[in-house]
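S.K.: Need a 3D model of the following:
(one chain, ligands or ions: 1)
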Amino acid sequence: MTETQVVVAGAGPTGLMLAGELGLAGVDVLVVERLPEPRTRESRAGGLHIRTLEALDQRGILDRFLERGRRRRNVHFSGLWLDVSDVPTRHPYLLVIPQSEVERLPAERAAEVGVRLRRGAEVAGFTQDGGGVTVELADGSRVRADHLVGCDGGRSTVRRLAGIDFPGTPATMTALLGDVELAEPPSGDIFQERREHGTFSVLSFGQDWFRVLTNEFDHVADRDERVTLEVLRDALVKIAGTDYGMHSPRWISRYGDAARQAGSYREGRVLLAGDAAHIHFPAGGQGLNTGVQDAVNLGWKLAAVVRGQAPDRLLDTYQAERHPVAARVLQNTRAQTALWRVDAHTSALREVLGDLVGIDRVRLRLAGMTTATDIRYPMEGTGELLGRRVPDLALDRGRVYDLLHSARAVLLDLAGHPSLDAVAAGWADRVDLVRARPAEGSDPGADAVLIRPDGYVAWITRTGGRPDPDALRTGLTRWFGPAGPLVGGSGRPHQAAPDRNRSASQLR
Ligand SMILES: Cc1cc2nc3c(=O)[nH]c(=O)nc-3n(C[C@H](O)[C@H](O)[C@H](O)COP(=O)(O)OP(=O)(O)OC[C@H]3O[C@@H](n4cnc5c(N)ncnc54)[C@H](O)[C@@H]3O)c2cc1C
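M.R.: As a prediction, the model looks like this:
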């Protein structure tokens, strides 16, 4: 029987990102993926939002994605455009990039940090006991691990086998998608219209091919009904009055607005992330982004537990933090599909909302929600930054996100507080104490911050304040376990973590 520390089921964007995070922390990971080959023709998602771009930047791998994508300054809420170019971030844009790339690049990264990927391997069952999980694959082979994470998509086998419920709201409409060539395309990169029988969009992908999308309301297609070019053509002609000379389909798919969320993200040693934990209409392009951010939240916590660096209850904070985030995504996508309806009352409501998004505060509120930059995890203490993503402040050398490349926690002292040394010494094997100065002109809004590996602020001393060592000790213990040398873990030898090329001492 193969042995490993973590089995990740599913090599979609969530599973691959999680595997990379675990591998970076020195955890032995096996990804098992049902499909024998990567999905290259089918590319559902098309955009990475600001918080996902920041998460990739925190790991030093964003450039690979930027090279492959195009930047747009607008995101949307139910088709109402929201300019994000003034959101405070280094990356105030949507990166348009096919999902196939958002699977290829993390797969490349995961391999670099020692992750093993077994394709054509389908999880068919598992049993768990006090010591671990035995995962059964469809070919009859078995893998023993400390934990299993189901990143196996909306129809998750892991979720079903774990007996986790998936409550929510059923579909009320039918959407079709076709990547096709058009003999007579409409003008512009993005063409969207609302008509009597539904809405449609035509997005240009360049090089003569297009994505055609249709939405029909109050009609839910039978799941077993085949989706063909003719079905798409009929829907488009019904709504738009033309098929724009559609031919040569590469991929045609149907989906709906069912919105469901796992009642629990954890059952013992089994966890869920990404679409396995939440599904919804792809309004505003939030699904993949939410899954990747689940992975970044779970990765360091699971790594710490597996390596014996933190108590098992740290894993409960994954659900406590991420379940409300996805619940809100489900709610906002329900609101977006409701607003897409084409009746006179909804059209009137759109007009009102279209007017309101012209107000900066309204626009920025919706933009913060869609791009996940407004997330605030519950934390004890006070301070505007507490629980929020740390700003990527320019330092006298480098910037804050450079400090997070190796996914270790950072205690960043921006004001030279010697009292921090004695406290930090107890966690020196898990937390880097970094002394730096803000670059000229940058306002940190704090004298010292404890930054978790996922880039969220877990403790803070405000500008001009005195660090509270007891509060810092409490924060360090809560997130990184008790002070002192590590004990425990899975009992299996770890892989050495990859070279941490930026040690704290270099910045002191
Ligand atoms: C039309 C459309 C447009 C979208 N646009 C966007 C967008 O712009 N932005 C955005 O953020 N999101 C978008 N989404 C949503 C996005 O595609 C999903 O949220 C995303 O793919 C979820 O990633 P995942 O890794 O969690 O799951 P998946 O991508 O579904 O990956 C799951 C993987 O698990 C594998 N698997 C399944 N069962 C097993 C098993 N038993 N054993 C082993 N492997 C298994 C599957 O083969 C698959 O590779 C869109 C979705 C649709 C339908």
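S.K.: Surely residue 34 is in contact with residue 121?
M.R.: Yes: when contacts are counted by C-beta atoms under 8 Å, residue 34 is listed as touching residue 121 (7.1 Å). Using the backbone N, CA and C atoms, a C-beta is placed for each residue, glycine as well.
S.K.: any residues in contact with both of the two?
M.R.: Shared contacts of residue 34 and residue 121 (C-beta atoms under 8 Å, 6 or more residues apart in numbering): residue 138.
S.K.: of those two, who's got more company?
M.R.: The neighbour comparison of residue 34 against residue 121 (other C-beta atoms under 10 Å) goes to residue 121, with 23 against 18.
S.K.: Need the per-residue pLDDT for the nearest residue to residue 20 once chain neighbours are set aside.
M.R.: With sequence-adjacent residues excluded and distances taken as C-beta to C-beta, 6 or more residues apart in numbering, residue 20 is closest to residue 110, at 4.3 Å. On pLDDT, residue 110 comes in at 97.
S.K.: what's the answer for the one 5 residues further on, then?
M.R.: For residue 115, the pLDDT comes out at 97.
S.K.: For the longest helix along the chain, enumerate the helices and strands it packs against.
M.R.: The single longest helix within the chain, with elements called by DSSP state H, is helix 316-340. With contacts taken as 3 or more C-beta pairs under 8 Å, 6 or more residues apart in numbering; DSSP states H and E, helix 316-340 sits against strand 259-261, strand 266-267, strand 278-279, helix 287-306, helix 344-356, helix 360-370.
S.K.: and the ligand, which of the ones you listed is closest to it?
M.R.: helix 287-306 (2.6 Å; C-beta to the nearest ligand atom).
S.K.: need the contact list for the closest residue to residue 25 other than its chain neighbours.
M.R.: Excluding its sequence neighbours, the residue lying closest to residue 25 (C-beta to C-beta, 6+ apart) is residue 303, at 3.4 Å. Going by C-beta under 8 Å, 6+ apart, residue 303 touches 21-22, 25-27, 309, 407.
S.K.: can you check residue 159 too?
M.R.: Applying C-beta under 8 Å, 6+ apart, the residues near residue 159 are 150, 152, 166, 262, 272, 276-277.
S.K.: Can you sort out which of these also neighbour the ligand?
M.R.: residue 152 (C-beta under 6 Å from any ligand atom).
S.K.: Tell me the one of the contacts of residue 159 nearest the ligand?
M.R.: Using C-beta to the nearest ligand atom, the contacts of residue 159 come closest to the ligand at residue 152, 3.6 Å.
S.K.: show me what contacts the closest one?
M.R.: Neighbours of residue 152 in contact, by C-beta under 8 Å, 6+ apart: 9-10, 12, 15, 34, 123, 158-159, 276.
S.K.: returning to that earlier point: which two in the contacts of residue 303 are spaced the farthest apart?
M.R.: With C-beta to C-beta as the measure, no two of the contacts of residue 303 lie farther apart than 21 and 309, at 14.4 Å.
S.K.: quick one: which of those two has more around it?
M.R.: More crowded of residue 21 and residue 309, by other C-beta under 10 Å: residue 21, with 30 against 22.
S.K.: ok, now how distant is that one from residue 476?
M.R.: 21 Å (C-beta to C-beta, to the nearest Å).
S.K.: then stretch 134-153 to CSV, C-alphas only?
M.R.: This file holds the C-alpha atoms of stretch 134-153, laid out as CSV (Å, rounded to 0.1, in the frame of the first residue of the first chain):
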residue,chain,number,x,y,z
THR,A,134,-7.1,4.5,3.8
VAL,A,135,-8.2,5.7,0.4
GLU,A,136,-9.4,3.1,-2.1
LEU,A,137,-8.9,3.9,-5.8
ALA,A,138,-11.2,2.5,-8.6
ASP,A,139,-8.4,0.2,-9.8
GLY,A,140,-8.4,-1.6,-6.5
SER,A,141,-5.2,-0.1,-5.1
ARG,A,142,-5.0,1.7,-1.8
VAL,A,143,-3.2,4.7,-0.3
ARG,A,144,-2.7,5.3,3.4
ALA,A,145,-2.5,8.9,4.6
ASP,A,146,-2.9,11.2,7.6
HIS,A,147,-5.6,13.2,5.8
LEU,A,148,-7.7,13.2,2.6
VAL,A,149,-8.8,16.4,1.0
GLY,A,150,-11.7,16.3,-1.5
CYS,A,151,-11.0,18.8,-4.2
ASP,A,152,-13.0,16.7,-6.6
GLY,A,153,-15.5,19.2,-7.9
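S.K.: The helix or strand hosting residue 215 packs against which elements?
M.R.: Assigned by DSSP states H and E, residue 215 belongs to strand 209-217. Strand 209-217 is packed against strand 173-182, strand 198-204, helix 229-240, with contacts defined by 3+ C-beta pairs under 8 Å, 6+ apart.
S.K.: quick one: contacts for the nearest residue to residue 162 once chain neighbours are set aside?
M.R.: Excluding the flanking residues, the one nearest residue 162 by C-beta to C-beta, 6+ apart is residue 267, at 4.3 Å. With contacts defined as C-beta under 8 Å, 6+ apart, the neighbours of residue 267 are 162-164.
S.K.: neighbour-wise, which of those residues leads?
M.R.: Ranking the contacts of residue 267 using other C-beta under 10 Å puts residue 162 first, with 22 neighbours.
S.K.: quick one on the thing from earlier: what residues sit buried inside the longest helix of the chain?
M.R.: 317-319, 321-323, 325-326, 328-330, 332-334, 336-337, 339-340 (16 or more other C-beta atoms under 10 Å).
S.K.: Tell me, how many residues neighbour the residue of the stretch 1-150 of the chain found nearest the ligand?
M.R.: Nearest residue of the stretch 1-150 of the chain to the ligand: residue 12, at 2.2 Å (C-beta to the nearest ligand atom). Per other C-beta under 10 Å, the neighbour tally for residue 12 reads 26.
S.K.: Now do it, the pLDDT please.
M.R.: 95.
S.K.: could you measure residue 278 against residue 330, distance?
M.R.: 6 Å.
S.K.: so what sits against both of these two?
M.R.: Joint contacts of residue 278 and residue 330 (C-beta under 8 Å, 6+ apart) are 260-261.
S.K.: so what's the nearest residue to residue 69 once chain neighbours are set aside up against?
M.R.: Leaving aside its sequence neighbours, residue 69 sits nearest to residue 97 (C-beta to C-beta, 6+ apart; 3.4 Å). Residues near residue 97 by C-beta under 8 Å, 6+ apart: 46-48, 65, 68-70.
S.K.: repeat that for 10 Å
M.R.: 43, 45-48, 65-71, 105 (C-beta atoms under 10 Å, 6 or more residues apart in numbering).
S.K.: In helices, which of those residues fall?
M.R.: Per DSSP H, the contacts of residue 97 map to helices at 65-66, 105.
S.K.: Go through these and give me the one with the most neighbours.
M.R.: Using other C-beta under 10 Å as the neighbour criterion, residue 105 leads those with 21 neighbours.
S.K.: Chain neighbours aside, what residue packs nearest to the residue in the stretch 101-250 of the chain that the ligand sits nearest to?
M.R.: Closest approach of the stretch 101-250 of the chain to the ligand (C-beta to the nearest ligand atom) occurs at residue 153, with a separation of 2.9 Å. Sequence neighbours aside, residue 275 is the residue nearest to residue 153 in space, at 4.7 Å (criterion: C-beta to C-beta, 6+ apart).
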